[in-house]
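**Q** this one's structure only:
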């Protein structure tokens, strides 16, 4: 049975990956957003709420998983993070497989996965596009976010593969350090190339 070509879309924090994913969607390419799926599974009445509460008591409530409370329990604790991933990853994989079945006739789909390289997901895609921008632009974007500071940024970057290494491993690099129109043109050309029979 034929299936779409799967493009893995990744990039470090503040590189503009979500913006680029939206560009693919605007061009009619189905996008599987791993983060959005996790939010849904952990939201009110989400299927993972009970399991997460059982493993990490006090981290859920009426609104589902309290991400700050859960983050406080797993951030910086590799064993706790591994336990959480054993709960979350199979559910995300199931959602991804359903997404592929739903879009089996599409020539191209995008898997938007922030930690694609870090978690070994690059084996599950046909090509990888890394969204990248100069470090100064990345830093300015991230520090403009509410609740973000240099310390937190440093902690997040320490958990992510360096941008240079991601770019070296990518099949395509999408530059978001220039105008949005230029980035959109780059994405359009990539879609045309990867959707061609």
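**A** Good, I have the coordinates. Quantities reported herein were computed from a predicted structural model and do not represent experimental measurements. Residues are numbered from 1 along each chain as shown.

**Q** pull out the buried residues from the lowest-mean-pLDDT helix or strand in the chain.
**A** The weakest-scoring helix or strand in the chain, judged by mean pLDDT, DSSP states H and E, is helix 150-159 (a mean of 86). Buried residues in helix 150-159, counted by 16 or more other C-beta atoms under 10 Å: 153, 157. C-betas here are computed from N, CA, C, even on glycine.

**Q** who are the packing partners of the next helix or strand along the chain from it?
**A** With elements assigned by DSSP states H and E, the helix or strand that comes after helix 150-159 is helix 163-169. With contacts taken as 3 or more C-beta pairs under 8 Å, 6 or more residues apart in numbering; DSSP states H and E, helix 163-169 sits against strand 127-132.

**Q** quick one, strands of the chain?
**A** Using DSSP state E, the strands of the chain run over 5-10, 31-33, 60-61, 64-65, 108-112, 127-132, 172-175.

**Q** care to break the chain down by domain?
**A** 1-30+107-197, 36-102 (automatic domain parsing).

**Q** ranking those by burial, who's on top?
**A** Among those, domain 1-30+107-197 has the highest mean neighbour count (mean count of other C-beta atoms under 10 Å), at a mean of 17.

**Q** return the distance of it from the chain's centre.
**A** 8 Å (C-alpha atoms, centre = their mean, to the nearest Å).

**Q** okay if I get the strands of the chain as a markdown table plus distance to residue 195 and mean pLDDT?
**A** Listed next are those as a markdown table, based on distance: least, C-beta to C-beta, whole Å; pLDDT from 0 to 100:
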| stretch | distance to residue 195 | mean pLDDT |
| --- | --- | --- |
| strand 5-10 | 8 | 96 |
| strand 31-33 | 14 | 96 |
| strand 60-61 | 41 | 90 |
| strand 64-65 | 36 | 94 |
| strand 108-112 | 5 | 96 |
| strand 127-132 | 12 | 97 |
| strand 172-175 | 14 | 96 |
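
**Q** residue 121: which of those is closest?
**A** strand 5-10 (6.6 Å; C-beta to C-beta).

**Q** what's the angle between that closest one and strand 127-132?
**A** Our comparison of strand 5-10 with strand 127-132, counting by axes from the mean of the first three to the mean of the last three C-alpha atoms, to 10 degrees, yields an angle of 30 degrees.

**Q** neighbouring strands for strand 5-10, and are they parallel or not?
**A** Next to strand 5-10 in the sheet, as set by DSSP bridges, lie strand 108-112 (parallel), strand 127-132 (parallel).

**Q** ok, and what's touching that strand?
**A** Residues outside strand 5-10 that contact it (C-beta atoms under 8 Å, 6 or more residues apart in numbering): 17, 20-21, 24, 31, 100, 107-117, 121-122, 124-131, 166, 194-195.

**Q** measure residue 70 to residue 64 for me?
**A** Using C-beta to C-beta, to the nearest Å, we find residue 70 at a distance of 10 Å from residue 64.

**Q** fine by me, we can end here.
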